[in-house]
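[1] need a 3D model of the sequence below.
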Amino acid sequence: MKLLVAIFLLFPLFASAAFSQMTPIPRGIRQANQTEAQTQQNIPPPRSSSQTRIDLEKLNRDADELSRLAQTIPADVGNIEKGILPKDTIDKLKQIEKLSKHLRGELNP
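    Next up is the predicted model:
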């Protein structure tokens, strides 16, 4: 009997202690946490150092190719002044454009 009385007297104390530890989360904080979780899902993982190194090597090759092609254009324009249009000038200009777009896209994602 004493045990039953002790349980009835102590139960409200334990119950109030358990409920006092549970504080409600304000609505704005709950929405901010949900938004933050959604934005973190859309962030791509960082590139590993091996991918960056390989990309840098390709970028260097593309930049060298772009430089080499660009150096040939003044001579081609000089031939145009003489009335001669080198056959590959248009192809070189297209390749220059392609390389420059690629480099710009890699450097400014």
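
[2] which element is Glu36 on?
    Using DSSP states H and E, Glu36 falls within helix 27-42.

[3] what about Thr72, helix or strand, and which?
    Assigned by DSSP H and E, Thr72 falls in helix 49-81.

[4] what do you get for Pro86?
    In the assignment (DSSP H and E), Pro86 maps to no helix and no strand.

[5] residues near it, how many?
    By the criterion of other CB atoms under 10 Å, Pro86 has 15 neighbours. Heads up, the C-betas are built off the backbone N, CA and C, glycines and all.

[6] residues in contact with the residue nearest to it when sequence neighbours are not counted?
    Spatial nearest neighbour of Pro86, excluding adjacent residues (CB to CB, 6 or more residues apart in numbering): Asp76 at 4.9 Å. By CB atoms under 8 Å, 6 or more residues apart in numbering, the contact set of Asp76 is 86, 89, 92.

[7] and what of Glu65?
    Taking CB under 8 Å, 6+ apart, one finds 95, 99 in contact with Glu65.

[8] ok, now how distant is it from Ala32?
    Taking CB to CB, to the nearest Å as the measure, Glu65 falls 49 Å from Ala32.

[9] now swap in Glu97 and tell me
    Taking CB to CB, one finds Glu97 at 45 Å from Ala32.

[10] residue ranges with poor pLDDT in this structure?
    Applying pLDDT under 70 to the chain picks out residues 1-24, 37-54, 109.

[11] before we move on, back to that, got the buried residues for the helix holding Thr72?
    By neighbour count with 16 or more other CB atoms under 10 Å, helix 49-81 contains the buried residues 62, 66, 69, 76.

[12] just give me the closest of those residues to Glu106.
    Asp62 (8.3 Å; CB to CB).
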